[in-house]
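1. only the shape, not the letters, is given here:
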């Protein structure tokens, strides 16, 4: 069975959407010590799940991006978009993403049993939270940056029950970024 690995960037105060401090995070993230482990994990994926908001933001930028390290990955893998409002999901000159319709939990469970490598969730905090609580996320990989955003969407902002996770791996980079991976208990 394929694994779903959710990659989430967070600030110390839990913001997963952080326009006010994006430049600081970009500076801290742009080191081999942070990016190399991320790209190693991305290389294990052959598909990507995106929430509608992340899809709409990313579809404007990544198909024409010159940041080859991630653009090459995201533009080449199969993409799925969780949305109740979209009927199509174009991706520039690349094959379009597939819009998941109907029951999201069932649709993602079906993707997991197909042949293939890992499925990555990138960005998409609402989608990550939903699928984590549905028991479909196998690994929650967090990059926690030493900055306080003050505002912004949170990874865990819903009205969900408690959930216990187990630490798989953690390390801190020389610039203070904590990279931690958690799995289901």
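-> Everything's here; your move. In this text, all values refer to a predicted model and were calculated from it rather than measured experimentally.
2. name the element residue 167 belongs to?
-> strand 165-172 (DSSP states H and E).
3. which residues touch that strand?
-> With contacts defined as Cβ atoms under 8 Å, 6 or more residues apart in numbering, strand 165-172 is touched by 139-140, 178-185. All C-beta atoms are positioned from the backbone trio N, CA, C, and that covers glycine.
4. isn't residue 109 right up against residue 135?
-> No - Residue 109 is beyond contact range of residue 135, at 9.1 Å (criterion: Cβ atoms under 8 Å).
5. so those two - more neighbours on which side?
-> A count of neighbours by other Cβ atoms under 10 Å puts residue 109 above the other of residue 109 and residue 135, at 16 against 11.
6. residue contacts, that one?
-> Residue 109 neighbours (Cβ under 8 Å, 6+ apart): residue 136.
7. helix or strand right after the helix or strand harbouring it?
-> In the assignment (DSSP H and E), residue 109 maps to helix 104-113. With elements assigned by DSSP H and E, the helix or strand that comes after helix 104-113 is strand 118-122.
8. chain center to that next one: distance?
-> Chain-centre distance of strand 118-122: 6 Å, with Cα atoms, centre = their mean, to the nearest Å.
9. and the contacts of it?
-> Strand 118-122 is contacted from outside by 2-7, 41-42, 44-50, 54, 74, 77, 80, 111-112, 127-128, 131, 137, using Cβ under 8 Å, 6+ apart.
10. before we move on, the earlier item: can you redo the contacts of strand 165-172 as JSON lines with neighbour count and pLDDT?
-> Formatted as JSON lines, the contacts of strand 165-172 follow (neighbours: other Cβ atoms under 10 Å; pLDDT from 0 to 100):
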{"residue": "139", "neighbour count": "19", "pLDDT": "97"}
{"residue": "140", "neighbour count": "23", "pLDDT": "97"}
{"residue": "178", "neighbour count": "15", "pLDDT": "97"}
{"residue": "179", "neighbour count": "18", "pLDDT": "97"}
{"residue": "180", "neighbour count": "16", "pLDDT": "97"}
{"residue": "181", "neighbour count": "20", "pLDDT": "97"}
{"residue": "182", "neighbour count": "20", "pLDDT": "97"}
{"residue": "183", "neighbour count": "15", "pLDDT": "96"}
{"residue": "184", "neighbour count": "14", "pLDDT": "89"}
{"residue": "185", "neighbour count": "7", "pLDDT": "85"}
